[in-house]
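S.K.: Sequence and predicted model, in that order:
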Amino acid sequence: DFDAALQFLDGKNQSVVNTFVERMENASAQQHYELAARYRDQISKLKEVEARQLVSRAAGKDLDVIGFASNGAIHCVTILFIRNGAVIGSRDHFPRSHGEVDKQRLLNGFVTQYYLGRDAPREIILDEAVEDAEVLEATLTERMGHRVKIRHRVRGDRARWLAMAATNAEQGLNVKVASNATIRRQFKALGEALELDDPPERLECFDVSHTSGEATVASCVVFNSAGPLKSDYRRFNLKPEAAGDDYGAMREALQRRYARIKKGEVPVPDVLFVDGGKGQLAAAMTVLDELELNWINVVAVAKGRARKAGAEQLFLPGRKTSLRLAPDSPALLLIQQIRDEAHRFAITGHRQRRGKARRTSSLEKIPGLGPKKRRELLRQFGGLQGVIGAGVDDLVKIRGISRTLAETIYNELHLDQAS
């Protein structure tokens with residue numbers, strides 16, 4: 001609002017964020033969950049703007065600055081990304097732990113795991129020393145191929161960045177606590193709506209995505225009382241026999257997932273959601289019957305005739321008519337969230353698989369063009385579109401491509417475009 005904007009421009013950033021956190025908590029307590037979500041998003045945007053306001057005179061410096069906050073049960077680690085002396089963004093992480101955790105040990109474990117599969121800048125700043133810092137420096141230096149320095153005693157710009165990272169971590173923790181309270185209320189409401197003996201603790205949702213049967217992918221997303229559990233998400237690339245058969249695709253994905261659940265390799269969900277109507281419910285029950293897991297609660301989520309959010313129909317085993325919840329029901333909002341997340345995860349997987357298949361198939365059918373030459377073409381030209389845009393004279397510059405083969409490639413690709 002206008003007053004908040006004036007305060008923010010006046011430098012009272014922390015006050016504005018605290019006000020929005022309070023509003024989010026109040027909206028959540030009154031079960032106005034969509035409003036609470038909007039406040040949460042506004043808080044994230046305010047933090048981004050605040051970070052970008054802090055520009056350093058230390059041009060050319062690349063470093064990550066790590067702030068930490070905890071309430072004992074939830075820990076927030078915030079990373080400020082400094083590139084060429086300017087804050088380009090930040091990200092909150094919430095490492096899980098069991099029981100009492102020493103801050104130094106948690107930060108040491110987080111830094112080690114976080115940079116395991118990522119590039120580390122030459123400098124990492126924390127608000128206090130971590131145990132075995134020299135060992136950690138040596139490990140990261142060897143892994144990155146350049147010197148990585150871990151510091152905790154800093155002044156000037158670095159001290160200002162560190163203070164901002166700590167503040168952002170506190171804000172991130174407050175938002176997470178409020179968000180978790182919202183989700184717990186939604187889980188409780190879901191248990192009541194489905195008439196379960198106890199509120200559910202773990203939910204799974206499946207969706208299937210394809211384009212006219214091409215590159216069919218099924219997704220499985222998992223939520224618990226803290227929200228999306230992305231480490232447990234899974235995608236299933238389905239067999240060609242499932243092409244165009246949504247029910248068959250759902251059966252295959254569920255068979256693969258729930259066979260592992262039956263073996264005890266994967267936790268059992270309290271509720272299984274499938275995107276679709278009675279047909280998908282029947283497909284799910286067929287698999288669970290075969291695996292003797294039909295005691296798991298199953299709900300099929302159909303969009304309804306209007307296909308609008310809030311008009312969803314829920315189909316449950318043994319129930320003749322669909323269950324409809326009020327559009328502002330906390331339970332329905334949770335169902336929409338997990339359904340939409342399953343859809344997003346399925347469609348991104350499908351697009352990746354379809355794109356890869358199309359990139360490969362156009363080149364695979366060209367005689368004389370083996371796997372090694374195909375890879376080199378895609379690498380040199382940056383993908384299939386680059387190869388298509390190349391002329392014969394461009395193609396012959398690639399090692400192993402003769403003029404005759406270059407002409408064949410050019411003709412085949414442009415014939416493929418015209419067809």
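M.R.: That came through, no problem.

S.K.: how about residue 283, secondary structure?
M.R.: Here residue 283 is recorded as helix under DSSP: H, G, I helix; E, B strand; the rest coil.

S.K.: just checking, what packs against the helix or strand residue 68 falls within?
M.R.: Element membership of residue 68 [criterion: DSSP states H and E] is strand 63-70. With contacts defined as 3 or more C-beta pairs under 8 Å, 6 or more residues apart in numbering; DSSP states H and E, strand 63-70 has these neighbours: strand 75-83, helix 103-114, strand 123-126, helix 157-193. Every C-beta, even on glycine, is put in place using the N, C-alpha and C of the backbone.

S.K.: can you put those in a markdown table and add mean neighbour count?
M.R.: Below are these laid out as a markdown table (neighbours: other C-beta atoms under 10 Å):
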| stretch | mean neighbour count |
| --- | --- |
| strand 75-83 | 21 |
| helix 103-114 | 17 |
| strand 123-126 | 22 |
| helix 157-193 | 20 |
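
S.K.: Make CSV out of these and add distance to residue 202 and mean pLDDT.
M.R.: Shown next, in CSV, are the helices and strands packed on strand 63-70 (distance: least, C-beta to C-beta, whole Å; pLDDT from 0 to 100):
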stretch, distance to residue 202, mean pLDDT
strand 75-83, 21, 91
helix 103-114, 24, 87
strand 123-126, 34, 93
helix 157-193, 10, 89
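
S.K.: right, and the ones you listed - which one's nearest residue 231?
M.R.: helix 103-114 (11.8 Å; C-beta to C-beta).

S.K.: just to revisit the earlier point, possible to save the helices and strands packed on strand 63-70 as JSON lines with distance to residue 200?
M.R.: Shown next, in JSON lines, are these (distance: least, C-beta to C-beta, whole Å):
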{"stretch": "strand 75-83", "distance to residue 200": "25"}
{"stretch": "helix 103-114", "distance to residue 200": "29"}
{"stretch": "strand 123-126", "distance to residue 200": "38"}
{"stretch": "helix 157-193", "distance to residue 200": "6"}
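
S.K.: Identify whichever of these lies nearest to residue 38.
M.R.: Across the helices and strands packed on strand 63-70, closest to residue 38 is helix 157-193 (C-beta to C-beta), at 12.3 Å.

S.K.: which helices and strands sit right next to the closest one?
M.R.: Applying 3+ C-beta pairs under 8 Å, 6+ apart, we find helix 157-193 packed against helix 13-29, helix 33-53, strand 63-70, strand 75-83, strand 86-93, strand 123-126, strand 227-228, helix 330-364.

S.K.: After that helix, which helix or strand is next?
M.R.: Under the assignment DSSP H and E, the closest C-terminal helix or strand after helix 157-193 is strand 202-211.

S.K.: Distance check, residue 146 against residue 108.
M.R.: The gap separating residue 146 from residue 108 is 21 Å, by C-beta to C-beta, to the nearest Å.

S.K.: need the next SSE after the host helix or strand of residue 134, C-terminal direction.
M.R.: Using DSSP H and E, residue 134 sits within helix 133-144. Toward the C-terminus, helix 133-144 is succeeded by strand 149-151 as the next helix or strand (DSSP H and E).

S.K.: pLDDT of stretch 197-215, averaged?
M.R.: Stretch 197-215 comes out with an average pLDDT of 86.

S.K.: can you give me the strands for the stretch 201-350 of the chain?
M.R.: Ranges of strands in the stretch 201-350 of the chain, per DSSP state E, counting those that start in this stretch, are 202-211, 214-224, 227-228, 234-237, 271-275, 297-302, 313-315.

S.K.: List just the one of those that sits closest to residue 154.
M.R.: strand 227-228 (33.5 Å).

S.K.: I'd like to check what contacts the closest one. Which residues are they?
M.R.: For strand 227-228, the surrounding residues in contact (C-beta atoms under 8 Å, 6 or more residues apart in numbering) are 179-180, 183, 221-222, 341.

S.K.: Count the residues that sit near the closest residue to residue 42 other than its chain neighbours.
M.R.: Closest residue to residue 42 apart from its sequence neighbours, by C-beta to C-beta, 6 or more residues apart in numbering: residue 20 at 5.7 Å. A total of 21 residues lie near residue 20 under the criterion other C-beta atoms under 10 Å.

S.K.: got it, and residue 62?
M.R.: Neighbours of residue 62 using other C-beta under 10 Å come to 15.

S.K.: just checking, it touches residue 82?
M.R.: Yes. Using C-beta atoms under 8 Å, residue 62 makes contact with residue 82 at a distance of 6.6 Å.

S.K.: Now list whatever residues contact both of these two.
M.R.: Common neighbours of residue 62 and residue 82, counting by C-beta under 8 Å, 6+ apart, are residue 121.

S.K.: related to what we said a few turns ago, can you lay out the contacts of strand 227-228 as a markdown table showing distance to residue 233?
M.R.: Formatted as a markdown table, the contacts of strand 227-228 follow (distance: C-beta to C-beta, whole Å):
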| residue | distance to residue 233 |
| --- | --- |
| 179 | 19 |
| 180 | 19 |
| 183 | 17 |
| 221 | 5 |
| 222 | 6 |
| 341 | 9 |
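
S.K.: What separation do you get for residue 72 and residue 113?
M.R.: On the measure of C-beta to C-beta, residue 72 and residue 113 end up 21 Å apart.

S.K.: do residue 259 as well
M.R.: According to C-beta to C-beta, residue 259 stands 30 Å off from residue 113.

S.K.: just to revisit the earlier point, please find the angle between the direction vectors of the strand holding residue 68 and strand 75-83.
M.R.: If you take axes from the mean of the first three to the mean of the last three C-alpha atoms, to 10 degrees, strand 63-70 sits at 160 degrees to strand 75-83.

S.K.: Can you list the strands that strand 63-70 pairs with?
M.R.: Sheet pairing of strand 63-70 (DSSP bridges) gives strand 75-83 (antiparallel), strand 123-126 (parallel).

S.K.: These: which one's closest to residue 201?
M.R.: strand 75-83 (20.6 Å).

S.K.: Tell me the pLDDT of residue 98.
M.R.: Residue 98 is given a pLDDT of 66.

S.K.: Quickly note the distance from the residue nearest the centre of the chain to residue 219.
M.R.: Nearest residue to the geometric centre of the chain (C-alpha atoms, centre = their mean): residue 230, 6.2 Å. Separation of residue 230 from residue 219 (C-beta to C-beta): 12 Å.

S.K.: domain parsing for the protein?
M.R.: According to automatic domain parsing, the chain comprises the domains 2-188, 202-356, 365-418.

S.K.: Distance to residue 195 for those domains - can I get that in CSV?
M.R.: Formatted as CSV, those follow (distance: least, C-beta to C-beta, whole Å):
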stretch, distance to residue 195
domain 2-188, 13
domain 202-356, 10
domain 365-418, 52
